[in-house]
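A.B. asks: okay, predicted coordinates and the sequence, questions at the end:
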Amino acid sequence: MHLRAAAMSEILDDHAWLEAFMSRAWEHHQVECAAGVADSIEKDFGLVHELYAASTDVAGWLPVFGGRQPAGAPGDAVPDPPLLLLEPAEVRAAAAFLSDVPFDELWEVTGAKILASFGPGWAEALVLEIFRGHHRDLRAFYGRAAAAGHTVVKAGWF
């Protein structure tokens, strides 16, 4: 999952346009991450969503799978690539959630399931550290995006 923050005025609410935008952004992903306007989670994004969905706060759905499909997305099938737009108010809500949520409490609820999905041989301390890293990175990314008043575009590259 690839996340890119941008001012609403810099993007179009159009699936084809956003696909090209995110494709170009992916080509410069390392530079954009260093600049603080991009982030990504490789194979673990579904599990990160499960971690946050364990919260009683409805904003827990926003950081990973939150948002809406852009205009022009096919309505009869999963778009390729799947794209989501998170408007500035939702970005602020996601940032507040990530800032306030007690990570250790979420891990207490979901950690065993997440660890089991990694299969035998994975040390809990290592998996825990991977997810703390995802949380730290998402908290920083959404915090910057919220402070700038940005929209977040998400692409699921398969």
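C.D. replies: That came through fine.

A.B. asks: so who does the spatially most central residue of the chain touch?
C.D. replies: Centroid-nearest residue in the chain: Val64, 3.7 Å away (criterion: CA atoms, centre = their mean). If a contact means CB atoms under 8 Å, 6 or more residues apart in numbering, then Val64 has Met1, Ile41, Phe45, Gly46, Val48, His49, Tyr52 as its contacts. C-beta here means a position set from N, CA and C on the backbone, and glycine is covered the same way.

A.B. asks: can I get the residues you listed in JSON lines with distance to Asp14 and pLDDT?
C.D. replies: Shown next, in JSON lines, are the contacts of Val64 (distance: CB to CB, whole Å; pLDDT from 0 to 100):
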{"residue": "Met1", "distance to Asp14": "20", "pLDDT": "95"}
{"residue": "Ile41", "distance to Asp14": "25", "pLDDT": "94"}
{"residue": "Phe45", "distance to Asp14": "24", "pLDDT": "94"}
{"residue": "Gly46", "distance to Asp14": "27", "pLDDT": "94"}
{"residue": "Val48", "distance to Asp14": "28", "pLDDT": "97"}
{"residue": "His49", "distance to Asp14": "26", "pLDDT": "96"}
{"residue": "Tyr52", "distance to Asp14": "28", "pLDDT": "97"}
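
A.B. asks: what's the ChimeraX line that selects buried ones from those?
C.D. replies: Those of the contacts of Val64 that count as buried under 16 or more other CB atoms under 10 Å are selected in ChimeraX with:
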select :1,41,45,48,49,52
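
A.B. asks: turn the contacts of Val64 into a markdown table, including secondary structure and distance to Ile130.
C.D. replies: Below are the contacts of Val64 laid out as a markdown table (DSSP: H, G, I helix; E, B strand; the rest coil; distance: CB to CB, whole Å):
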| residue | secondary structure | distance to Ile130 |
| --- | --- | --- |
| Met1 | coil | 15 |
| Ile41 | coil | 10 |
| Phe45 | helix | 12 |
| Gly46 | helix | 14 |
| Val48 | helix | 10 |
| His49 | helix | 15 |
| Tyr52 | helix | 15 |
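
A.B. asks: now the strands for the chain?
C.D. replies: If you assign secondary structure with DSSP state E, the strands in the chain sit at 2-6, 38-40, 83-86, 151-155.

A.B. asks: for Glu108, which of these is the nearest?
C.D. replies: strand 38-40 (25.0 Å; CB to CB).
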